[in-house]
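Visitor: got a structure for you, letters missing:
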Ligand SMILES: Nc1ncnc2c1ncn2[C@@H]1O[C@H](COP(=O)(O)OP(=O)(O)OP(=O)(O)O)[C@@H](O)[C@H]1O
């Protein structure tokens, strides 16, 4: 990143726009030393933009990702502004060919084979991101640009404004049941509970990479037929309730008017992508090795209907808008609330419930009935699992220290207060009852707790049952 003025290296055409997004126009610029033309994206210098630039730079340098050449941190004052503001100026390769779908709409004789060629290129771009453990999270027609106006121009992925390092992805093939670590199973178990909405947990999980695959499915579907898989009967710019229900239920069709000329393999690959259950959705490697993408395969040479249908600007705009909204919803889990375990909640409703359950303070000295002890044990285990999950997938907004982990351990201790094994294993990891006095090895902690949970959840042996 350079701190000196961009104008020492480039001349910027501030009045021309190559395109406009939420961050304002992308403008053309020319390198002074070579006369070469580039595209300039200007972002307010904020943490979110720094992440965008960072992740884009990391993924850059691949044939199917728009290359970032230079980044400048300059104070820039635009007309109407009272003072210059710190901005990041990202110099990217110039994509002169426009958006992929605009090109397709102009094509005569667009075939399945050509669609497969584009799909492969988009997938290579996604593969690059996923290999770096980066989820793009905004794969949509507007972010698929063509290098130039030639027939064989490559398509490239751009706009890393929603990209993030995907540290919570549990659905890649590395987690096949045979190789899965207990920690991952633990986290998956918790995630399933969370998805069913049964028990609120303190940890968040994401399926970001698999969201990219879903989006790829939508893009591919549109490329094949010209309309989106999930649409509302009355075209609207927002995502309707009915559309949402269909998306959630994975209800889409291959209407015969457009799809009867399309191969079974193409439909098969789309089904693999538009699979509602994220863990069963095709991942990028599976996608790229699918027979439909092996260009040696003989694909129907029929002219697809998509170009003519994409020409209907109104319905295409509505489809793009709806897909964008769905992407926003897919990204929403980040803002989920975190809730306290029930055991430590102390509010009037909980107090009343406890009294109704004969758990009032007066009764505390009484020996608890066995089923209540079992519930207590379950609660203790849940808290231990919360700690394990915290170690494996720390909450996104966790600060650099262990304070939230310590809180989670304290809660687990309170709910497992008669467990000597727990006390001993924590002691070995330098737990003083409140904090870890040395930097704790989270994977060791998770592993030790997983063993403890396992020992407490193992069914009684047959021998024991006989007595
Ligand atoms: N490298 C490029 N070369 C040519 N045009 C570009 C380039 N990058 C972006 N554009 C054009 O500018 C538009 C906006 O770019 P981009 O999507 O990166 O901006 P954004 O402000 O993040 O937009 P969004 O609203 O999609 O999040 C693109 O849709 C495209 O038309």
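Guide: Ah, there it is. Predicted model only: the values in this text are computed from it and were never measured. Residues are numbered from 1 along each chain as shown.

Visitor: residue 14 contacts residue 27, doesn't it?
Guide: Yes. Using C-beta atoms under 8 Å, residue 14 is in contact with residue 27, at 6.2 Å. C-betas here are computed from N, CA, C, even on glycine.

Visitor: between those two, which has more neighbouring residues?
Guide: Shown here are residue 14 and residue 27; by other C-beta atoms under 10 Å, residue 27 has more neighbours (20 against 15).

Visitor: how about the nearest residue to that one, chain neighbours excluded?
Guide: Leaving aside its sequence neighbours, residue 27 sits nearest to residue 40 (C-beta to C-beta, 6 or more residues apart in numbering; 5.0 Å).

Visitor: excluding chain neighbours, what is closest to the residue in the chain that the ligand sits nearest to?
Guide: Nearest residue of the chain to the ligand: residue 21, at 1.8 Å (C-beta to the nearest ligand atom). Nearest non-adjacent residue to residue 21, counting by C-beta to C-beta, 6+ apart: residue 159, 7.0 Å away.

Visitor: now that neighbour: which helix or strand?
Guide: Per DSSP states H and E: residue 159 is located in neither a helix nor a strand.

Visitor: next one: it from residue 447, what distance?
Guide: Going from residue 159 to residue 447 by C-beta to C-beta, to the nearest Å gives 40 Å.

Visitor: of these two, who's got more company?
Guide: residue 159 (22 against 17).

Visitor: next, the contact list for the more buried one, please.
Guide: Residue 159 is in contact with 21, 138, 142-143, counting by C-beta atoms under 8 Å, 6 or more residues apart in numbering.

Visitor: could you dump the residues you listed to TSV with neighbour count?
Guide: Shown next, in TSV, are the contacts of residue 159 (neighbours: other C-beta atoms under 10 Å):
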residue	neighbour count
21	13
138	21
142	16
143	23
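
Visitor: among those residues, which two are most distant?
Guide: 21 and 138 (10.4 Å; C-beta to C-beta).

Visitor: overlap in contacts, these two.
Guide: 159, 161.

Visitor: that older thread, quick check, nearest of the contacts of residue 159 to residue 215?
Guide: Nearest to residue 215 among those: residue 138, at 7.9 Å, using C-beta to C-beta.

Visitor: tell me the pLDDT of that closest one.
Guide: The score at residue 138 is 87. That number is its pLDDT.

Visitor: next: residue 397.
Guide: For residue 397, the pLDDT comes out at 61.

Visitor: in the strand or helix carrying residue 421, which residues are buried?
Guide: Assigned by DSSP H and E, residue 421 belongs to helix 420-428. Residues of helix 420-428 classed as buried by neighbour count (16 or more other C-beta atoms under 10 Å): 422, 425-426.

Visitor: on that earlier part again, export the contacts of residue 159 to a markdown table and tack on secondary structure?
Guide: Shown next, in a markdown table, are the contacts of residue 159 (DSSP: H, G, I helix; E, B strand; the rest coil):
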| residue | secondary structure |
| --- | --- |
| 21 | strand |
| 138 | coil |
| 142 | helix |
| 143 | helix |
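
Visitor: rewinding a little: counting contacts, what elements does the helix holding residue 421 pack onto?
Guide: Applying 3 or more C-beta pairs under 8 Å, 6 or more residues apart in numbering; DSSP states H and E, one finds that helix 420-428 makes contact with helix 403-414, helix 442-457.

Visitor: OK, contacts around the residue nearest to residue 440 when sequence neighbours are not counted?
Guide: Take residue 440 and drop its neighbours on the chain: the residue closest to it by C-beta to C-beta, 6+ apart is residue 429, 5.5 Å away. Residues counted as contacts of residue 429 (C-beta under 8 Å, 6+ apart) are 436, 440-441, 444-445, 448.
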